[in-house]
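**Q** dropping a prediction and its sequence here:
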Amino acid sequence: MVAITGELLDRLTAEARNHPRRRKNFNLHPSDDFCCHRLLNAVEPGSYVPPHCHLDPAKDESMIILRGCLGIVTFDAAGNVTDRQLLRPGGDTVAVDLPHGSFHSIVSLESGTVFFEAKAGPYLPLAAAEKAGWAPAEGDPRAVAYLAALEGLFHQS
């Protein structure tokens, strides 16, 4: 049995803070080729997760917030925002289920944010069709402004 404790979440958050990508996962599944992926994701503000989708019909994705505050944004094929959800423990929304083929991104809005994620395996790098050509890639200098715009979706009154 693996117990998900406050100590584990603290350790994972510390690793995310010190990682260049400002995020770190803790896999509960035994290997990348396992059929069901279950993991904890610690994501710090400033971590850019480019919009993407999973085209495989088996790769719907569920996310449940454990700590902090996480924005989930979905897009249409042209890059227009179709929905946004604010996940906060004890808040109005604590989880989302994203269907395969849905372009999405996540935005950490608070230091110490950790969520649980589940989706079908195996892990495969994103195919070209699963990457949003209308959004900057990770490492692209335009990604900073794009991330700020995504964050702004959750800071509007």
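**A** Looks like it came in fine.
**Q** can you give me the strands for this structure?
**A** Across the chain, reading from the start of the chain, the strands by DSSP state E fall at 23-27, 36-43, 61-67, 70-75, 81-87, 95-98, 103-108, 113-120.
**Q** excluding chain neighbours, give the residue nearest to Arg88 in space.
**A** Cys69 (5.0 Å; Cβ to Cβ, 6 or more residues apart in numbering). All C-beta spots, glycine's among them, are computed from the backbone N, C-alpha and C.
**Q** contacts only, for that neighbour.
**A** Taking Cβ atoms under 8 Å, 6 or more residues apart in numbering as the contact definition, Cys69 lies against Leu86, Leu87, Arg88, Ser108, Leu109, Glu110, Thr113.
**Q** so Asn41 bridges to which residues?
**A** With DSSP bridges as the criterion, Asn41 is bridged to Asn25, Phe115.
**Q** looks like it contacts Val114 (just checking).
**A** Yes - because the distance of 6.8 Å satisfies Cβ atoms under 8 Å, Asn41 is recorded as touching Val114.
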